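Chemist: need a structure here:
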Amino acid sequence: MDSEPDLQVGWVDHELADEFPDLALWTVRVQARSGRSPEPVRERLGQLSSRITGGHVIHMRQDPVPWAYRVFWRQIGLDPDSTRTPVEQIALDRLQWGGLRSRNLLDDAITIATFETGVPVVALDADLVGDQLGLRLTGADELLGGSGRPLSARQIVVADEDRCLAVLSGEVAEERGVTPSTTNMAIGAIQVKGVPRISVEEALWTVTETLSVGG
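Modeler: The predicted structure is shown next:
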């Protein structure tokens, strides 16, 4: 891409903002398609894979950004040793599989961005979600995307004006996610206390830049 993406900061509902004043959702909307990753992206994925060892995973947890998400996970009632933060899940998947598997251009872009920065990233079909994205707590008996799996009450979710769209682990409502026919994407990154804005910007820039490699 010739210029940096135009980042927007999403809304955070009042209760969440009061409890976690540093919590934020940053988004960028891009015209892009997924599909099979081109060779340069698969090569970069392979280079990342070679950097991940058991010792690296242990030390990575102590790095400032991954540590900030571990702390936040505990604050919201999640055990990061069982419900992994996205960056730790990537590292553990690599150890389990013996490498980072190329899935598709978008998923590979998110893997690269999350591992390089430690910042969780989600992607949605921009034509299937509202204009204003933000963070809120779920109510009773809510379903992911409005018709997906049940969500526990008072769970933090990415949402638009009408429905919850994704959870913090990265799971996206199936009917709102990116598909082979998607041409416009909304990419979001979660910021918590202890994570500098530059890390969030780098995560979103990395995703959009990687998508541009696919044309």
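Chemist: Could you report the neighbour count for the closest residue to residue 63 other than its chain neighbours?
Modeler: Excluding its sequence neighbours, the residue lying closest to residue 63 (C-beta to C-beta, 6 or more residues apart in numbering) is residue 118, at 6.7 Å. Using the backbone N, CA and C atoms, a C-beta is placed for each residue, glycine as well. Residue 118: 23 surrounding residues under other C-beta atoms under 10 Å.
Chemist: Distance of residue 118 relative to residue 89?
Modeler: Computed as C-beta to C-beta, to the nearest Å, the residue 118 to residue 89 distance reads 12 Å.
Chemist: contacting residues around residue 173?
Modeler: Shown in contact with residue 173 (C-beta atoms under 8 Å, 6 or more residues apart in numbering): 144-146, 148, 163-166.
Chemist: Just the closest of these to residue 85, please.
Modeler: Set against residue 85, the nearest of the contacts of residue 173 by C-beta to C-beta is residue 166 (15.0 Å).
Chemist: Which strand or helix spans the closest one?
Modeler: Per DSSP states H and E, residue 166 falls inside strand 164-167.
Chemist: What pLDDT is listed against the closest residue in space to residue 199 that isn't next to it in sequence?
Modeler: Excluding its sequence neighbours, the residue lying closest to residue 199 (C-beta to C-beta, 6+ apart) is residue 117, at 5.0 Å. According to the prediction, residue 117 has pLDDT 96.
Chemist: what does residue 3 give?
Modeler: For residue 3, the pLDDT comes out at 56.
Chemist: likewise residue 20?
Modeler: Note on residue 20: pLDDT of 98.
Chemist: same question, residue 100
Modeler: 86.
Chemist: picking up where we left off before, quick one: mean pLDDT for the strand holding residue 166?
Modeler: 96.
Chemist: And for that strand, what's in contact with it?
Modeler: With contact meaning C-beta under 8 Å, 6+ apart, strand 164-167 is reached by 122, 124, 129, 133, 136, 138, 142, 144-146, 151, 155-159, 172-173, 176, 188.
Chemist: Among those residues, the buried ones, what's the PyMOL command?
Modeler: Selection of buried members from the contacts of strand 164-167 for PyMOL, criterion 16 or more other C-beta atoms under 10 Å:
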select buried, resi 122+124+129+133+136+138+142+144+145+151+155+156+157+158+159+172+173+176+188
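Chemist: So which bits of stretch 47-63 are buried?
Modeler: For stretch 47-63, burial by neighbour count (16+ other C-beta under 10 Å) applies to 48-49, 52, 57, 60-61.
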